[in-house]
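Participant: This is a predicted model, with the sequence first.
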Amino acid sequence: MPRLEKTGKGTKRPKLDWRFVQRFCSIQKVLFPSWTSQSVLMFGTLLVVTLTEQLIIYQVGVLPSHFYNVLADKDSSGFRSLVGAAMVLIVLNSTLKSVDQYICNQMYVNWRRTLTESLHSAYFQGRVYYTLNVLREDIDNPDQRISQDAERLCKQMSSMASRLIVSPFTLSYYTYQCFHSTGWIGPVSIFGYFLVGTVANKILMGPIVSTLFEQEKLEGDFRFKHMQIRVNAESAAFFRAGKVEHMRTDRRLQALLQTQRSLINKELWLYIGVNTFDYLGGFLSYIIIAIPIFSGIYDGLSPGELSALISKNAFVCIYLINGFTQLIDLSTTLSDVAGYTHRIGELREVMDDILHTQCDYDPASGQSYDFDSDFNVHGGPVDTAFVVEHLSYKSPYSDQLLVEDLSLKISQGTHLLIVGNTGTGKTSLLRVLNRLWEADSGLVQMTTCFGPRGTLFLPQKPYLTDGTLREQIIYPLKDNYPASGSVDDDRIIRFLELAGVSSLLKRTGGLDEKVDWNWYDVLSPGEMQRLCFARLFYLQPQYAVLDEATSALTEEAEAQLYRTCKQLGMTLVSLGHRSSLEKYHDVQLRLCGGGRWELTKLKGASRSSDHNEEDM
Ligand SMILES: Nc1ncnc2c1ncn2[C@@H]1O[C@H](COP(=O)(O)OP(=O)(O)OP(=O)(O)O)[C@@H](O)[C@H]1O
């Protein structure tokens, strides 16, 4: 098995750099997939609304001067019509502002849906979710990234949207106005000032991006700790582990809070920078006008003309500066966006990498297959489930072979028992057969389909999904199989009885009653194992691979369940430590550790020598 590189240590600290731009653009491609997409339409509507809003704001801005005029002239009819116009403008303005906010919120939900669905489709493709959570150590908390970071990224982007979208228009308009009344000196000085402000803010934002990235990681760790306690509450309580868990959970909280404090400290400098930029901007217009005054260009003007010129210049310069300071004010939001962009971008890249490197192809035919499909059938004998030839495999991050040069066939009617000491690689063999792990060398061919009509695996930890009793039984099918209404109900009830868990029907109140409990909390380990057998009886695969599936049950219960499996025509591949299992199997594969194995015929059959292929 190729060793997975821990790329985490080698990766650079997330910054506001070219990598951020690349990741941001690739996320934008997801959010705006085409010119006719919903997001583009919403963005277009937002642009129209914000531009109209700007026009109205301008009209509202000049209202006071009109009021001065009509009041000074004691013009009552002018005053009445002005009040009417003011009311209309105010209603329009507040409506447009609310519509602007409304579109931003809709865009946020739309972006969140698009981004999360895109992450989901990569995450649940093939075995990416398994590799990401179990085998890759270079990426922290994928769940946190998908559920929280994606949400926050969309929220922050939507809060920036309306200010960003309108700025090119307002900036161009006021640059023109500024140039018109001050000549080149106004716009050039303001652009220069903005450039200095941007560089200063970029320097101040740098450490914030990486600290925010770290904070989100610790946030995920903290949440995971609470989830761990929630899932294992009973085991922890048996250990009277309240104090130790309290200490460990507090430790994670402290690490998180320390990083949050450090983030706030770094943000202080950014706030100082942003506020200084805002207030200095207020004076900039006077500095711009001071240059020609002190250089003697306006020496010919009277004091009255000069003050009119100053007031006119100050007005347009302040509008232009205001446009820029609004952009600079977005620095704090932008640093958040950068942090979240790096976290989502990194997740997308790792998932892409997994998808590209996973060898989802059949080594025999060289053809690719769909990991999730029921029909991953590749040519082979019809009465055989697996053909294994010269197989060697090891666990991830280990150089030691668990099994070396194993050859066997798993054929219909020949039940196989796999035994061996702890950690010798029994479950790992199932992982290799199920293609969760790649083999180091050799050939593994699955010659039946995966699922009800082929091979089904019952993992060591019973897996119970959320949902009704029927959904537990038919898992991993989404719908009844075969869809046959009440006949199916009768089958399910019969199999619940055969598995010894018909009492669950009474507890749940029926097959389709929604339950508000967590199945793991209310079922005993034995009940969980029996429920998994009821699932197996219902799905009736040709081959059932059982990993210590009866370890929590008595030998009598085990006998009953194995008998039923055989009556239903299943060929069994079992893993287990109990000698009582031998009588249900024909052949035994013993893993001896250090790569060695031996294959033995049970029921008095003669023992074959080490490393001998045996056709079963
Ligand atoms: N995800 C993993 N990453 C790294 N090592 C692993 C991983 N899963 C299993 N291993 C290691 O691989 C070895 C074989 O594990 P495996 O689960 O196959 O043991 P087993 O023979 O089934 O043991 P048991 O009888 O306890 O179930 C063990 O040393 C285990 O620690």
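Facilitator: Structure's in. What do you need? Residues are numbered from 1 along each chain as shown.
Participant: Which neighbouring elements make contact with the helix or strand containing Ile288?
Facilitator: Here Ile288 sits within helix 242-294, counting by DSSP states H and E. When contacts are defined as 3 or more CB pairs under 8 Å, 6 or more residues apart in numbering; DSSP states H and E, helix 242-294 packs onto helix 185-231, helix 303-329, helix 331-357. The C-beta positions use only the backbone N, C-alpha and C, and glycine is treated the same way.
Participant: Make sure Val419 is indeed in a strand.
Facilitator: Yes - secondary structure of Val419 (DSSP: H, G, I helix; E, B strand; the rest coil): part of a strand.
Participant: That one is in contact with Gly576, isn't it?
Facilitator: Yes - taking contacts as CB atoms under 8 Å, Val419 lies within contact range of Gly576: 7.0 Å.
Participant: where are the low-confidence patches of this structure?
Facilitator: Along the chain, the parts satisfying pLDDT under 70 run over 1-12, 312, 315, 359-382, 479-487, 603-616.
Participant: the strands in it, which residues?
Facilitator: 384-394, 401-411, 416-420, 441-446, 455-458, 543-547, 571-575, 587-593, 596-601 (DSSP state E).
Participant: looking at the ones you listed, which is closest to Trp517?
Facilitator: strand 455-458 (22.6 Å; CB to CB).
Participant: From the chain's centroid, how far away is the closest one?
Facilitator: 28 Å (CA atoms, centre = their mean, to the nearest Å).
Participant: tell me what it is packed against?
Facilitator: For strand 455-458, the packing partners by 3+ CB pairs under 8 Å, 6+ apart are helix 525-539, strand 543-547.
Participant: among the ones you listed, which is nearest the ligand?
Facilitator: strand 543-547 (7.5 Å; CB to the nearest ligand atom).
Participant: other SSEs contacting that closest one?
Facilitator: helix 426-433, strand 455-458, strand 571-575.
Participant: so which of the ones you listed is the most packed in?
Facilitator: Per residue and on average, the most neighbours among the helices and strands packed on strand 543-547 fall to strand 571-575, with a mean of 24 (mean count of other CB atoms under 10 Å).
Participant: tell me the angle that strand makes with strand 401-411.
Facilitator: Interaxial angle, strand 571-575 versus strand 401-411 (axes from the mean of the first three to the mean of the last three CA atoms, to 10 degrees): 160 degrees.
Participant: Do strand 571-575 and the ligand come into contact?
Facilitator: No - shown here: strand 571-575 not in contact with the ligand (CB under 6 Å from any ligand atom), separated by at least 6.7 Å.
Participant: For that strand, C-alpha coordinates in CSV please.
Facilitator: Extracted C-alpha coordinates of strand 571-575, given in CSV (Å, rounded to 0.1, in the frame of the first residue of the first chain):
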residue,chain,number,x,y,z
THR,A,571,-22.1,-18.2,1.9
LEU,A,572,-20.3,-16.9,5.0
VAL,A,573,-16.9,-15.3,5.6
SER,A,574,-16.5,-14.8,9.3
LEU,A,575,-13.9,-13.2,11.5
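Participant: Sheet partners, orientation included, of that strand?
Facilitator: The pairing partners recorded for strand 571-575 under DSSP bridges are strand 416-420 (parallel), strand 543-547 (parallel).
Participant: Run the angle between that strand and helix 426-433 for me.
Facilitator: For strand 571-575 against helix 426-433, the angle by the same axes, to 10 degrees is 130 degrees.
Participant: For the residue nearest to Leu115 when sequence neighbours are not counted, the count of nearby residues, please.
Facilitator: Closest residue to Leu115 in three dimensions, ignoring its sequence neighbours and counting by CB to CB, 6 or more residues apart in numbering: Ala150, at 5.0 Å. Neighbour count of Ala150, defined by other CB atoms under 10 Å: 23.
Participant: out of everything not next to it in sequence, what's closest to Gly423?
Facilitator: Nearest one to Gly423, counting by CB to CB, 6+ apart, is Gly593 at 7.8 Å.
Participant: Ok, Trp111 next?
Facilitator: Trp111 sits nearest to Cys154 (CB to CB, 6+ apart), 4.1 Å away.
Participant: from what I can see the one you found touches Asn105, true?
Facilitator: No - taking CB under 8 Å as the definition, Cys154 is not a contact partner of Asn105, at 10.6 Å.
Participant: Look at those two and report which has more neighbours.
Facilitator: Per other CB under 10 Å, whichever of Cys154 and Asn105 has more neighbours is Cys154, with 25 against 13.
Participant: residues contacting that one?
Facilitator: Listed by CB atoms under 8 Å, 6 or more residues apart in numbering, the contact set of Cys154 reads Tyr108, Trp111, Arg112, Leu115.
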